[in-house]
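Student: Build me a model:
(chains A, B, C and D)
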2 protein chains.
Amino acid sequence: MARLTPDRIVTAAIEVIGEVGSEQFSVRKLGDALDADPTAIYRHFRSKDELLRAMGDRSLSGVADALPTSSWRACIRELSIRIRAANLAQPALASLVRGAPPRHRNELLITETMLGQLRDAGFDAVTAAEAYHAVIELTIGSATIDSTLASMPASERDRTYAEWRSDYATLDAEAFPHSVAMAPSLYPGTADERFVFALDRLLDGLAGRLPTGP
Amino acid sequence: MARLTPDRIVTAAIEVIGEVGSEQFSVRKLGDALDADPTAIYRHFRSKDELLRAMGDRSLSGVADALPTSSWRACIRELSIRIRAANLAQPALASLVRGAPPRHRNELLITETMLGQLRDAGFDAVTAAEAYHAVIELTIGSATIDSTLASMPASERDRTYAEWRSDYATLDAEAFPHSVAMAPSLYPGTADERFVFALDRLLDGLAGRLPTGP
DNA sequence: CGATATTTGTCAACGGTGTTGACATCGTCT
DNA sequence: AGACGATGTCAACACCGTTGACAAATATCG
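Tutor: Below is the predicted model:
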């Protein structure tokens, strides 16, 4: 077998995690898939966390390419949607990003792009930083929440939503009048559409803080 | 020692997880804290997951009590801040939301309150549902992301933020000009303050969708 | 080329995890 | 008192991430 490289390891790791799920992903299984001793991985990554992070960055490649240039809103909007898609495509990776800052190339590229757009739009440094954090938290956070359902087949997902709606519909109407009344309206559209609604409202609110006005 | 009960176990578990952090929380440590054999816990909970869910339910108690009545924004704002606090105190809540567990009383109370406030504010059913999902995604999602750092002591957390800032500051200024320039402004204030900024901007955007105008 | 130094792979092992099954003990009810 | 189910205890299983010692391969240099 060819020698181990970080690239080969990450490729194999993404394949393994796609097969067994993030919960069951382990260094030992990765070693098996690579036909190598599991501990050989530690010659290329200091820890499993570092490996997971590299896997996350891999799935973000190309996310910041060819973005809309028409406006800062359009650019950040598209960028956020792509980040979300990348996280959902590799559901396991979404929860791995967690609280650590971007250190890898694609992550840094995303940060740079978003900060640049915000500054060019007219935000001062402090507000731009706040806005950046706000968009990232909504994007990554919502992807993390949605990742479980996103990995289900569409039919099962729809069934789950329907089940949840009927849960609300059958609540005690005295204690939970609004929940019962609004049960049919809950979980409207797709999770992607709900995210875009939230993102657009957040961008509305951010636009309102522009010195030049919205 | 008195006999074990689910209540006693959950109380002790929340104490233990507060001391050692969610990452290091284990059934064995819980057994030590209870001065009982670790496996005795399995007489009261089928699995660690079930215990974590019970802990999550406990930490949500009282979240919807005595909320501000001055305005829908003030009410939802406070409610979201409290949900976040509960989530940060008990990160297991995140996995509660992600899966499809039976909906518990406290969770239902939160939904009912938020939906009621939005309807009373003048949102139609569809927009209220969208707004509800938007607020919840930001609140839970951001709490999930921040939970790792929130469990660190303040001094260590500040040191971590400083470290991250200096990471940005030492990037290649040619490739990442905005990141380098804005390094001192990144991670401003506390994670709680950054969340509240995002929440307020989202509420700004939602207010703009009120039929009666903002 | 040969010798040396560095990197990389292998192996065994450590301390930790959640969980299970067998066995002993306790409380309760007939 | 005896029976019985619920509860606590103990040892053990099958994993996990990670480390240190040692061997093989590779790169570096005289």
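Student: gap between A:Asp192 and chain B?
Tutor: As for A:Asp192, its distance to chain B is 12 Å (criterion: CB to the nearest CB, to the nearest Å). Any C-beta I mention is one placed from the backbone N, CA and C, and that applies to glycine too.
Student: Let me see the contact set for that residue.
Tutor: By CB atoms under 8 Å, 6 or more residues apart in numbering or on different chains, the residues touching A:Asp192 are A:81, A:84.
Student: What residues does the residue nearest to A:Leu79 when sequence neighbours are not counted make contact with?
Tutor: Sequence neighbours aside, A:Leu67 is the residue nearest to A:Leu79 in space, at 5.9 Å (criterion: CB to CB, 6 or more residues apart in numbering or on different chains). Going by CB under 8 Å, 6+ apart, A:Leu67 touches A:75, A:78-79, A:113.
Student: rerun that using 10 Å as the cut-off
Tutor: Listed by CB atoms under 10 Å, 6 or more residues apart in numbering or on different chains, the contact partners of A:Leu67 are A:74-79, A:82, A:113, A:117.
Student: Burial check on the one residue in chain A that gets nearest to DNA strand C, number of neighbours?
Tutor: Minimum separation of chain A from DNA strand C (CB to the nearest atom of the strand) falls at A:Leu4, amounting to 3.1 Å. Using other CB atoms under 10 Å in any protein chain shown, A:Leu4 has 17 other residues around it.
Student: Tell me the secondary structure at the residue nearest to A:Leu79.
Tutor: coil (DSSP: H, G, I helix; E, B strand; the rest coil).
Student: near chain B, anything from whichever strand or helix holds A:Glu112?
Tutor: Following DSSP states H and E, one finds A:Glu112 within helix A:105-121. Yes - against chain B, helix A:105-121 shows contacts by CB under 10 Å from any CB of the partner chain at A:105, A:108-109, A:111-120.
Student: Alpha carbons of the helix or strand harbouring A:Trp164, as PDB, please.
Tutor: Assigned by DSSP H and E, A:Trp164 belongs to helix A:154-169. Output in PDB follows, covering the C-alpha atoms of helix A:154-169 (Å, rounded to 0.1, in the frame of the first residue of the first chain):
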ATOM      1  CA  ALA A 154     -37.100  12.700   2.200                       C
ATOM      2  CA  SER A 155     -40.100  10.500   2.800                       C
ATOM      3  CA  GLU A 156     -39.000   9.700   6.300                       C
ATOM      4  CA  ARG A 157     -38.300  13.300   7.000                       C
ATOM      5  CA  ASP A 158     -41.700  14.400   5.800                       C
ATOM      6  CA  ARG A 159     -43.300  11.700   8.000                       C
ATOM      7  CA  THR A 160     -41.300  13.000  11.000                       C
ATOM      8  CA  TYR A 161     -42.500  16.500  10.400                       C
ATOM      9  CA  ALA A 162     -46.100  15.300  10.000                       C
ATOM     10  CA  GLU A 163     -45.700  13.400  13.300                       C
ATOM     11  CA  TRP A 164     -44.500  16.500  15.100                       C
ATOM     12  CA  ARG A 165     -47.300  18.600  13.700                       C
ATOM     13  CA  SER A 166     -49.800  16.100  14.900                       C
ATOM     14  CA  ASP A 167     -48.100  16.000  18.300                       C
ATOM     15  CA  TYR A 168     -48.800  19.700  18.600                       C
ATOM     16  CA  ALA A 169     -52.400  19.300  17.200                       C
END
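Student: Could you check the angle it makes with helix B:105-121?
Tutor: Relative orientation of helix A:154-169 and helix B:105-121, computed by axes from the mean of the first three to the mean of the last three CA atoms, to 10 degrees: 80 degrees.
Student: how about the helix or strand just after helix A:154-169, does it get close to chain B?
Tutor: Moving toward the C-terminus from helix A:154-169, the next helix or strand (DSSP H and E) is helix A:177-182. Yes - using CB under 10 Å from any CB, helix A:177-182 reaches chain B at A:177-182.
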